[in-house]
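Asks: give the three-dimensional model of this entry:
(4 chains)
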2 protein chains.
Amino acid sequence: MDVKTLCLGVLSRDDASGYEIKKAFEDGPFSCFHQASFGSIYPALNALSAEGLVSVREQAQDKRPDKKIYSITPKGQTALVASLMTEPAPDVMRSDFLFILSFAQYLPPPRIARLIDERIVWYRTMVDRMEESSRVDSPAGATFVRGMGIAVYRAAADYLESHRAQLIAEIGDAPLLVAE
Amino acid sequence: MDVKTLCLGVLSRDDASGYEIKKAFEDGPFSCFHQASFGSIYPALNALSAEGLVSVREQAQDKRPDKKIYSITPKGQTALVASLMTEPAPDVMRSDFLFILSFAQYLPPPRIARLIDERIVWYRTMVDRMEESSRVDSPAGATFVRGMGIAVYRAAADYLESHRAQLIAEIGDAPLLVAE
DNA sequence: GGTTGCATGTAAATGGTTACATGATTGT
DNA sequence: ACAATCATGTAACCATTTACATGCAACC
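Replies: Below is the predicted model of the structure:
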């Protein structure tokens, strides 16, 4: 699933500028499971435009730079659905946090405690944010995915909260390998 | 966290060949949150060797190609711990599955049903595998991380099972945009 | 007879990200 | 005075994946 398809997906929900598409991957509904930078979004948008999968209209703004607002075309809708019909690539997860935690016994307990505490806060914040956005009415798919995000992040936070103390106690008994 | 650190982490648990390290990222305890291919592992191992962070011994095998078994050195242990003390990069998740599901209303319900069913099986299989490996005694960090994996994957599978029917029903009412 | 597993390695291609360039406005 | 937000875009850089190269043994 390349950046072009990702942009098409965002645009299928609503017209947007490149800048706004970026936000959808930063804070928005896609931030949890896909990401893209300006360096990939702007070229993708130009390519989509050249292929006739999106249309552009320039919008002047006062006190703000001009915007290019992109809309998905019928051809673009078809292309999006075709991409959605291909077999999804396997999920990819990259977590330095879990990698570090899996060697907790080599590290100072206060560091482990801090990492876990920060992570709990992060998960709770994400759950709150998702619950808030679930108050506005969304398409069935988006609602389903958001609900799954809430369930999974809540399970993660709950686990960290309920097992934190035991891990800290266990690694507290072992000798340190590094100064704090 | 680059591939060199990842290899150092695997080797801190036990001596291994490049081939065996690959397996740790494919099926093993790290497969859920980091991955690496041969094309990155073998060069990383050579670099680590040149830096004195690992040592190598060649092992002849009958009916199998020769192996190069790598061991972490004291210097390597120090380097690993130093890496583990740096701030972890933010987690990255890339899921075509969730991206596709968030546009479920554009797609044929049987496809959505199949995708969800396959995913449930996958999560349950992973949970079973992790639970099995939790019967052998592991360091505190690894046990903690494995437990979190089980909790999170179980929550994901439970959510998919309990909300599957409702999603299928909701998208079944809308007109199809593509032939099955 | 074809696939999978074992085992190491290289080179090319890829698909990004990071950093840079530019500039007004608003908030601290 | 400095950082952040809005807004678009390019080019250099990067790490990794993919594909290739090689070959034997076991299994179906």
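
Asks: pretty sure residue A:124 contacts residue A:160?
Replies: No - at 10.1 Å, residue A:124 and residue A:160 do not qualify as touching, with contact defined as CB atoms under 8 Å. Every residue, glycine included, has its C-beta placed from N, CA and C.

Asks: show me whatever sits in contact with both of the two.
Replies: Both residue A:124 and residue A:160 lack any common contact, where contact means CB atoms under 8 Å, 6 or more residues apart in numbering or on different chains.

Asks: these two: who's more crowded?
Replies: residue A:160 (20 against 14; other CB atoms under 10 Å in any protein chain shown).

Asks: any idea how far residue A:153 is from the more buried one?
Replies: For residue A:160, the distance to residue A:153 (CB to CB, to the nearest Å) stands at 11 Å.

Asks: repeat that for residue A:62.
Replies: From residue A:62 to residue A:153 the distance is 40 Å (CB to CB).

Asks: how far does the helix ranked longest in chain A sit from its chain's centre?
Replies: Identified as the longest helix of chain A according to DSSP state H is helix A:140-172. Computed by CA atoms, centre = their mean, to the nearest Å, the chain-centroid distance of helix A:140-172 equals 16 Å.

Asks: are that helix and chain B in contact anywhere?
Replies: Yes - Helix A:140-172 comes into contact with chain B (CB under 8 Å from any CB of the partner chain), by way of A:140-142, A:144-145, A:147-148, A:151-152, A:154-156, A:158-160, A:163, A:166-167, A:170-171.

Asks: so residue A:6 is in contact with residue A:31, correct?
Replies: No - assessed by CB under 8 Å, residue A:6 is found out of contact with residue A:31, at 11.8 Å.

Asks: next, show the common contact partners of those two.
Replies: In contact with both residue A:6 and residue A:31: residue A:25, using CB under 8 Å, 6+ apart.

Asks: what's the residue closest to the geometric middle of chain A?
Replies: residue A:31 (1.9 Å; CA atoms, centre = their mean).

Asks: neighbours around residue A:110, how many?
Replies: 11.

Asks: give me the element it is part of.
Replies: helix A:109-133 (DSSP states H and E).

Asks: now that helix: buried residues?
Replies: A:109, A:112, A:113, A:115, A:116, A:119, A:120, A:122, A:123, A:126, A:127, A:130 (16 or more other CB atoms under 10 Å in any protein chain shown).

Asks: a markdown table for those residues, including pLDDT and distance to residue B:14?
Replies: Listed next are those as a markdown table, based on pLDDT from 0 to 100; distance: CB to CB, whole Å:
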| residue | pLDDT | distance to residue B:14 |
| --- | --- | --- |
| A:109 | 95 | 25 |
| A:112 | 96 | 22 |
| A:113 | 97 | 28 |
| A:115 | 96 | 25 |
| A:116 | 97 | 26 |
| A:119 | 96 | 28 |
| A:120 | 97 | 31 |
| A:122 | 94 | 32 |
| A:123 | 96 | 32 |
| A:126 | 94 | 36 |
| A:127 | 95 | 38 |
| A:130 | 93 | 40 |
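
Asks: from the residues you listed, which is closest to residue A:102?
Replies: Nearest to residue A:102, judged by CB to CB, of the buried residues of helix A:109-133 is residue A:112 at 11.1 Å.

Asks: ignoring the adjacent residues along the chain, who's closest to the closest one?
Replies: residue A:104 (5.0 Å; CB to CB, 6 or more residues apart in numbering or on different chains).

Asks: state the pLDDT value of the one you found.
Replies: Here, the pLDDT recorded for residue A:104 equals 96.

Asks: go on, residue A:178?
Replies: Residue A:178 is given a pLDDT of 59.

Asks: could you give the number of residues near residue A:164?
Replies: 17.

Asks: run the angle between the longest helix of chain A and helix B:140-172 for me.
Replies: 170 degrees (axes from the mean of the first three to the mean of the last three CA atoms, to 10 degrees).

Asks: which other helices and strands does helix A:140-172 contact?
Replies: On a contact count with 3 or more CB pairs under 8 Å, 6 or more residues apart in numbering or on different chains; DSSP states H and E, helix A:140-172 meets helix A:109-133, helix B:96-101, helix B:140-172.
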